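**Q** Next come a sequence and a model predicted from it.
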Amino acid sequence: DVEATLSYVADPVASGAQAVKISIGGLKGGHSGLEINEGRANANKLLANIAKDALQLGATIASWEGGNMRNAIPSFGNIVFVFTDNSQISAFKSQVSNWLSTYQAEYAGIEEGIILTAESVDTPAEAMPVAVAKAVTNSVLAVHAGVYRMTPSIPDIVETSCNLGIVKAANGAVEADVLVRSSMDSKLDELASSVTAAFELGGFSVSYK
């Protein structure tokens, strides 16, 4: 178990800013030890791609909720974005169909029920500083999720894998829970070190359980 945490001082949201909630669901999820080899989508990774685009449009993140168990492939999640330049909101919402089409193409034959929605929600009082939102997004993008290595002598058997099971962020605190598995100790250490590096580069503190 790898736990990454980050504390931040939230910024007050400017008057007139608006919030948009992006939600993803309908993914198969599954057990990270039994179904990790099936190529199922990880909700946190898909949300991170969208977060990257939102930040490029000038948004920041108020909250992030993805997954609820460290050993389950996350099948759902949402991010609340805050826009101070409201002229970008229509462009952002219009991209939802493009993201959905992309994910449907990427996971054709694996994920048949992907749901992706965008809705305007009440504007929160606080949100992440943009630099923190970028650090969180980049860390999630950088962390490997899925099969890392198959067993060389038994190619049909997963040797080493990683599950980015939970990402939670709000009210000055971010937590990410990752489960690294391997039948080879050296590869377990290698992948855990890679996960640690991705989060530490984003300013997180990392501990093992």
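**A** Received it, and whenever you're ready, just let me know what you need.
**Q** Ramachandran coordinates for the spatially closest residue to residue 10 that is not a sequence neighbour?
**A** Nearest non-adjacent residue to residue 10, counting by Cβ to Cβ, 6 or more residues apart in numbering: residue 126, 3.7 Å away. The way it works is simple: take the backbone N, C-alpha and C, and place the C-beta from them, glycine included. Per-residue torsions, residue 126: phi -140, psi 160 (degrees, to the nearest 10).
**Q** Could you report the neighbour count for residue 126?
**A** Taking other Cβ atoms under 10 Å as the neighbour definition, residue 126 ends up with a count of 15.
**Q** Pretty sure it sits against residue 8.
**A** No: the criterion here is Cβ atoms under 8 Å, and residue 126 misses it with residue 8 at 10.2 Å.
**Q** list the buried ones in stretch 17-34?
**A** For stretch 17-34, burial by neighbour count (16 or more other Cβ atoms under 10 Å) applies to 17-24, 27-29, 32.
**Q** Oops, could you answer that again for stretch 139-159 instead?
**A** The neighbour-count criterion (16+ other Cβ under 10 Å) identifies 139-140, 143-146, 148, 158-159 as the buried residues of stretch 139-159.
**Q** among the residues you listed, which are in strands?
**A** 146, 148, 158-159 (DSSP state E).
**Q** Can you redo the residues you listed as JSON lines, where the extra columns are distance to residue 72 and pLDDT?
**A** Shown next, in JSON lines, are these (distance: Cβ to Cβ, whole Å; pLDDT from 0 to 100):
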{"residue": "146", "distance to residue 72": "14", "pLDDT": "96"}
{"residue": "148", "distance to residue 72": "18", "pLDDT": "97"}
{"residue": "158", "distance to residue 72": "16", "pLDDT": "97"}
{"residue": "159", "distance to residue 72": "21", "pLDDT": "97"}
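**Q** tell me the helices in this structure, going along the chain?
**A** Using DSSP state H, the helices assigned to the chain run over residues 43-56, 89-94, 96-106, 130-142, 185-201.
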